[in-house]
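K.L.:
Any chance you can model this:
(one chain, ligands or ions: 1)
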Amino acid sequence: MNTSFWWESLEPWIKRPSLTSNLDVDVAIVGAGYTGLWSAYWLMKTDPNLKIVILEAEHVGFGASGRNGGWVSALWPAPLDSIVKQRGKQRAFEFQSRLQELIPEIGETLKAENIDADFKLAGTAVFATNQAQLNRLKSENQSYLDLGFNESDYKIDYELANLPLVPDLIAAHTTRHCASINPAKLVTQLAKVVEKQGVQIFETSRVTFIEPNKVFTNTFQVKAKNIIQATEGYSYSLKHNRRKIAPIHSLMFATDQIPESLLTKLRIEPGQTFADARNLVIYGQRTSDNRIAFGGRGAPYRFKSQVGKHVEMHQSAFEYLQLALVGLFPDLKPYVHSGNHKWGGPIGVTRDWRPTVSVDPKSGVCYAGGYAGDGVAASYLAGQTLADLITNTHSVRTTDPWVNHQSPNWEIEPIRFILINFVSKLISFADRKEESANKQSWMMKKLWKILKG
Ligand SMILES: Cc1cc2nc3c(=O)[nH]c(=O)nc-3n(C[C@H](O)[C@H](O)[C@H](O)COP(=O)(O)OP(=O)(O)OC[C@H]3O[C@@H](n4cnc5c(N)ncnc54)[C@H](O)[C@@H]3O)c2cc1C
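P.N.:
Residues are numbered from 1 along each chain as shown. From the prediction side, this is the model:
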């Protein structure tokens, strides 16, 4: 059973049955997170006669989709420059614009399907509390402006009275293109919607092998014209793509409930998402029940891409995150303590930090993932794109820059283990350095360039 805080807000639910016979279908989907479910949803919207099954190793929303930070953002994990280099400025602008348009569109889809996932379009603010962070935000902002966006989309806001009350705040990078949700509400209700469309979901049905037009569990096989592998951070368990995705763990905790008056004093709006511009990713959202759900990276990568409880509960990473939140909002200290609800989960990262949606027409095997921690909105687009590609529906999405993008393989172990943990140590070191020297670490600039292109 998943133990993310978000599941506490749900009604108790009954496990779905597992696969008990061989099947012959149009599309077999492996994994019941957002990618698998949105793909099923959009396929059924495009062609309601399709026969679709989803095979899930644990239960709906067991993975990152039931545990994440709930940012529905237009963030793209790789630098925008990499899209410009690949497709030119105009296509990069169009693609980023589409990512932005997705945010309200997701809100509309949830409304149309009666999915109540606490969706709130409240925007986001990324704080700079030292010069190094401000420089980083400026250069990020510039890359949006260079592409053709303007201040109504992205800006550096120096008006401190408009921003949450963070000590030492110099400015913040703000954008309206971000909503927040309760992720577990979304994934569990979306599963019910696709079942109503006629999709069958089998839980406790781990796929052990995928081959052209067939997926196998330990006991049964499903023949399918198309197979969608939607296993993200858990992909290592399937032999054929062990070097494609590395699971990097993101950890979270939820504070105690905070009085509304204090949140108002701190200028943290309902549904607000926020972060700061340190090198180590951190992120927070004000939940619908007035907590801060806060998370970030910093847990070590485990040899041979291990995932599971033993990796997710990394004590010193939690302590770091709790200190980080209290550093941003010292008044929240009484609501942050060792008894807070804590959890974690794997994000899927490719070697060049770029997600992909791919289809192999020969084998029928499709894949979407590698969102590197920015998959809540991107998985919706992945689902739409896979539906277009599988049903041969002509759309602007089918030529998007991530379609059939092939990332290089990760290094073999133990080099992968050494590399990822070395980079993780460097990130923490750079943050400490930046805080004391108050200037951006040239080492991190170079490192990101090498890693992300
Ligand atoms: C702590 C945390 C915070 C995050 N915060 C954010 C955020 O704020 N905003 C954002 O955009 N993104 C965030 N992300 C990333 C985002 O949650 C993911 O990108 C997204 O949920 C990926 O969805 P998915 O369906 O591809 O993968 P998952 O939700 O991980 O689903 C994969 C599913 O496949 C199943 N599976 C795996 N192997 C098999 C198999 N062999 N057979 C059958 N089933 C299998 C798993 O059990 C799982 O249910 C966060 C991730 C984490 C872990």
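K.L.:
interface residues of the stretch 251-400 of the chain facing the ligand?
P.N.:
By C-beta under 6 Å from any ligand atom, the residues of the stretch 251-400 of the chain that approach the ligand are 252, 283, 295, 344-347, 369, 371, 373-376, 379. (Each C-beta comes from the backbone N, C-alpha and C, glycine too.)
K.L.:
what about the closest residue to E312 other than its chain neighbours, how many residues close to it?
P.N.:
Leaving aside its sequence neighbours, E312 sits nearest to G344 (C-beta to C-beta, 6 or more residues apart in numbering; 3.5 Å). G344 has 24 neighbours, counted by other C-beta atoms under 10 Å.
K.L.:
And L55, by the same measure?
P.N.:
L55 has 27 neighbours, counted by other C-beta under 10 Å.
K.L.:
number of nearby residues for the nearest residue to it once chain neighbours are set aside?
P.N.:
By the measure of C-beta to C-beta, 6+ apart, the closest residue to L55 outside its immediate chain neighbours is S205, 4.5 Å from it. When neighbours are defined as other C-beta under 10 Å, S205 has 25 of them.
K.L.:
Ramachandran angles for S205?
P.N.:
Main-chain torsions, S205, degrees, to the nearest 10: phi -130, psi 80.
K.L.:
In contact with it, which residues?
P.N.:
18-19, 55-57, 217 (C-beta atoms under 8 Å, 6 or more residues apart in numbering).
K.L.:
residues contacting R87?
P.N.:
Applying C-beta under 8 Å, 6+ apart, we find R87 in contact with 95, 401.
K.L.:
swap the cut-off to 6 Å and go again
P.N.:
Listed by C-beta atoms under 6 Å, 6 or more residues apart in numbering, the contact partners of R87 are P401.
K.L.:
let's number from 719 now, not from 1
P.N.:
Sure, I'll start counting at 719 from here, so that last one is R805.
K.L.:
Give me the below-cutoff pLDDT ranges for this structure.
P.N.:
The chain contains residues with pLDDT under 70 at 719-720, 1156, 1166-1171.
K.L.:
what domains does the record give for it?
P.N.:
Domain assignment for the chain, taken from automatic domain parsing, gives 723-786+901-963+1070-1117, 842-893+965-1067+1131-1170.
K.L.:
Contact partners for the closest residue to the ligand within the stretch 1019-1168 of the chain?
P.N.:
Proximity of the stretch 1019-1168 of the chain to the ligand (C-beta to the nearest ligand atom) peaks at G1093, 1.9 Å away. By C-beta under 6 Å, 6+ apart, no residues touch G1093.
K.L.:
same deal with F938?
P.N.:
Residues counted as contacts of F938 (C-beta under 6 Å, 6+ apart) are 737, 740.
K.L.:
Would you quantify the distance from it to L737?
P.N.:
Separation of F938 from L737 (C-beta to C-beta, to the nearest Å): 5 Å.
K.L.:
quick one: K829 from the ligand, how far?
P.N.:
Noted for K829: a distance of 20 Å to the ligand, by C-beta to the nearest ligand atom, to the nearest Å.
K.L.:
What is the host helix or strand of that residue packed up against?
P.N.:
Per DSSP states H and E, K829 falls inside helix 807-830. Other elements packing on helix 807-830 under the criterion 3 or more C-beta pairs under 6 Å, 6 or more residues apart in numbering; DSSP states H and E are helix 798-805, helix 1093-1108.
K.L.:
Quickly compare those and say which is most buried.
P.N.:
helix 1093-1108 (a mean of 26; mean count of other C-beta atoms under 10 Å).
K.L.:
Could I have the CA atoms of that one written out in PDB?
P.N.:
Output in PDB follows, covering the C-alpha atoms of helix 1093-1108 (Å, rounded to 0.1, in the frame of the first residue of the first chain):
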ATOM      1  CA  GLY A1093       5.600  14.800 -15.500                       C
ATOM      2  CA  VAL A1094       2.200  15.800 -14.100                       C
ATOM      3  CA  ALA A1095       1.300  18.000 -17.100                       C
ATOM      4  CA  ALA A1096       3.700  16.400 -19.600                       C
ATOM      5  CA  SER A1097       2.100  12.900 -19.000                       C
ATOM      6  CA  TYR A1098      -1.200  14.500 -20.200                       C
ATOM      7  CA  LEU A1099       0.400  15.600 -23.400                       C
ATOM      8  CA  ALA A1100       2.100  12.200 -23.700                       C
ATOM      9  CA  GLY A1101      -1.300  10.500 -23.500                       C
ATOM     10  CA  GLN A1102      -2.700  12.800 -26.200                       C
ATOM     11  CA  THR A1103       0.300  12.300 -28.400                       C
ATOM     12  CA  LEU A1104       0.400   8.500 -28.100                       C
ATOM     13  CA  ALA A1105      -3.300   8.400 -28.900                       C
ATOM     14  CA  ASP A1106      -2.700  10.400 -32.100                       C
ATOM     15  CA  LEU A1107       0.300   8.300 -33.100                       C
ATOM     16  CA  ILE A1108      -1.400   5.000 -32.400                       C
END
